[in-house]
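Novice: what follows is a predicted protein model with its sequence.
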Amino acid sequence: MAKAATLTVQQWGNSLALRIPAVIARSARFVVGQPVELSVTDDALLVKRAGKPRLSLTQKLASFDPVRHGGEVMAARPVGKELI
């Protein structure tokens, strides 16, 4: 189902910006951190998803499963200066 909105271009620092309404973002399956690709024709701007979103450190840590990823990285005993 296509959604549409009339927006106003705003100043954001030295750039211009548009805020994507939530209903349109959901429809396009955009999420925070989503890489997008912009392309321009004479009178149109196309925004489309470009890959998977980058996860924040908090999101990465939340998805860490110690059972799946194994426990201790180095199972060997300390050696050399590690003993001090």
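Specialist: Now that the structure is in, tell me what you want to look at. Residues are numbered from 1 along each chain as shown.

Novice: am I right that residue 26 is in a helix?
Specialist: Yes - when DSSP: H, G, I helix; E, B strand; the rest coil is applied, residue 26 is found to be in a helix.

Novice: contacting residues around the closest residue to residue 17 other than its chain neighbours?
Specialist: Leaving aside its chain neighbours, residue 17 sits nearest to residue 10 (5.2 Å; criterion: CB to CB, 6 or more residues apart in numbering). Bear in mind the C-beta positions are built from the backbone N, C-alpha and C, glycine included. For residue 10, the contact set (CB atoms under 8 Å, 6 or more residues apart in numbering) comprises 16, 17, 18, 19.

Novice: ok, those vs residue 45, which is closest?
Specialist: When these are ranked by distance to residue 45 (CB to CB), residue 18 comes first, at 8.7 Å.

Novice: just checking: what are the partner strands of the particular helix or strand that has residue 11 in it?
Specialist: Element membership of residue 11 [criterion: DSSP states H and E] is strand 10-12. Strand pairing for strand 10-12, determined by DSSP bridges: strand 15-17 (antiparallel).
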